[in-house]
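Visitor: Okay, predicted coordinates and the sequence, questions at the end:
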Amino acid sequence: MKRFSVVASLSAATAIYCLVSLSLGPRGFWAMRQLESQREAVGANLDSLTLIRDDLDSRLKNLSADPDTISVYAHELGYVAEGERLIKLAGFAGGVDRAMATGQAIRITKPEHLPEWVCKLIALVCGAAAYAAFEIQKARRAHAYT
């Protein structure tokens, strides 16, 4: 009976350690879910940065090669070609969109989890409690027979 209580309490401690470690440990399901949500946020941010890059590339190409775009920006800055006259309207700001998005910074955090030593301590305490329960039950049986 002594061997059974030792083996059973060790088995209980091992099973509890496995459950706690797999669910709340550093490589457990809870930490994995946090990492997956951060991965999705980084992926969404990367997609938005790709769109911003494409928009800025098209603006750069237009400013580098398209004479109409160059003249619009030049007129916005107050430059006038030879023989050209501009009329400035009061209260009219112009049609050039100068707002350029640069994207967003994402802060990556370490996932929250129970440290490994806490998982082992929980298993050790549960194993000791199981052993104590077996011993108390054995003492009650012995006391009932006397």
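Guide: Here it is on my side, so go on.
Visitor: Tell me where the model's unsure across this structure.
Guide: 1, 89, 91-98, 146 (pLDDT under 70).
Visitor: Which residue ranges make up the domains of it?
Guide: 1-28+115-146, 31-112 (automatic domain parsing).
Visitor: Of the ones you listed, which stretch is the most buried?
Guide: Greatest average neighbour count among the domains of the chain goes to domain 1-28+115-146 (a mean of 14), per mean count of other C-beta atoms under 10 Å. Heads up, the C-betas are built off the backbone N, CA and C, glycines and all.
Visitor: Please report how far Val6 lies from Tyr131.
Guide: Here Val6 is placed at a distance of 7 Å from Tyr131 (C-beta to C-beta, to the nearest Å).
Visitor: whoops, Ser48 was the one
Guide: Per C-beta to C-beta, Ser48 is found 57 Å from Tyr131.
Visitor: where does Ser21 sit relative to Ala130, distance-wise?
Guide: Counting by C-beta to C-beta, the gap from Ser21 to Ala130 is 18 Å.
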